[in-house]
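sequence-free structure coming up:
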């Protein structure tokens, strides 16, 4: 059995502590209100959530799968890169995940929000409808459809280390392209250079269409894509400059 590396071990401990806090402090809701990542237009958003959401999880299965993936991919990556570069990729991938997912939400939110303002609804009326999930009797069918379109983005919350781990998986794939990997639901060995891009493409397709394959329907698919792309570009840069101070092997 592969021995766990130090930074990976500490990250798993932090994630477990946060998960226990979610279960036992304030009935879970308090931790989510503080530390989950909310849409920036939502009053529940706080700047620290950009970091803290990476250490939050929505259930036992969620944290078990993520921590298993962190151990499996993170340990060999840390053993090659060292703790500092590994942690740099991990946190950067988490930030890249937030950037792409929130940007995707804004892409859905802004034009429809502006259309609601142009239709005659006030900003306060729109906010009340988004917060309460109820609309005034005078709202037209067209306005109602626009409200339904932006409601999921406004009320979205993100938790989990998946974006970070996708960045680590991308790094692993670049370092070990011939390594054979399997999914629990698809026990067929596939080389990392095909497996990991395939997972990213599935997440991209799911994010654009809403069609889920191996993940729950409420998964932040664009966060997975953002994390993976961040890990890929960091490793690409380090590999491209492998003969200077950014050498990665």
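Arrived safely. Computed from a predicted model, the values in this text were never measured in an experiment.

switch to C-alpha atoms for all contacts and neighbour counts from now on
Will do.

what's near enough to touch the residue nearest to residue 158 when sequence neighbours are not counted?
Leaving aside its sequence neighbours, residue 158 sits nearest to residue 37 (Cα to Cα, 6 or more residues apart in numbering; 4.8 Å). By Cα atoms under 8 Å, 6 or more residues apart in numbering, residue 37 lies in contact with 45-46, 49-50, 52-53, 157-159.

where's residue 37 relative to residue 68, distance?
Residue 37 sits 23 Å away from residue 68, going by Cα to Cα, to the nearest Å.

what does residue 9 give?
11 Å.

so for these two, which sits in the more crowded spot?
Between residue 9 and residue 68, counted using other Cα atoms under 10 Å, the more crowded position is residue 9 (17 against 12).

which outside residues touch the helix or strand residue 148 falls within?
In this assignment (DSSP states H and E), residue 148 forms part of helix 141-154. Helix 141-154 has contacts (Cα under 8 Å, 6+ apart) with 39, 41-42, 105-106, 108-109, 112-113, 115-116, 119, 126, 129-130, 133, 135.

same question for stretch 111-119.
123, 126, 143, 146-147, 149-150.

so in the protein, where's the weakest helix or strand by average pLDDT?
Using mean pLDDT, DSSP states H and E, strand 180-183 stands out as the lowest-scoring helix or strand of the chain, at a mean of 70.

what's the burial count for residue 138?
When neighbours are counted by other Cα under 10 Å, residue 138 registers 8.

quick check: pLDDT value at it.
Confidence at residue 138, expressed as pLDDT, is 79.

so it, which of the three states?
Put simply, residue 138 is coil when judged by DSSP: H, G, I helix; E, B strand; the rest coil.

which phi and psi does it have?
phi -80, psi 0 (degrees, to the nearest 10).

pull the contacting residues for it.
Under the criterion of Cα under 8 Å, 6+ apart, residue 138 has no neighbours.

how about residue 49?
Taking Cα under 8 Å, 6+ apart as the criterion, residue 49 is in contact with 34-38.

mind running it again at 6 Å?
If you count contacts by Cα atoms under 6 Å, 6 or more residues apart in numbering, residue 49 has them with 35-37.

between the residues you listed, which sits nearest residue 232?
residue 37 (23.6 Å; Cα to Cα).

what residue ranges in the chain score low on pLDDT?
1-2, 26-28, 182-187, 212-218, 242-249 (pLDDT under 70).

the helix ranked longest in the chain to helix 141-154, inter-axis angle?
Longest helix in the chain by number of residues (criterion: DSSP state H): helix 83-118. In terms of direction (axes from the mean of the first three to the mean of the last three Cα atoms, to 10 degrees), helix 83-118 departs from helix 141-154 by 160 degrees.

whichever helix or strand comes after helix 83-118 vs helix 83-118, what angle?
Using DSSP H and E, the helix or strand that follows helix 83-118 towards the C-terminus is helix 123-132. Here the directions of helix 123-132 and helix 83-118 differ by 120 degrees (the same axes, to 10 degrees).

fine, thanks again, bye for now.
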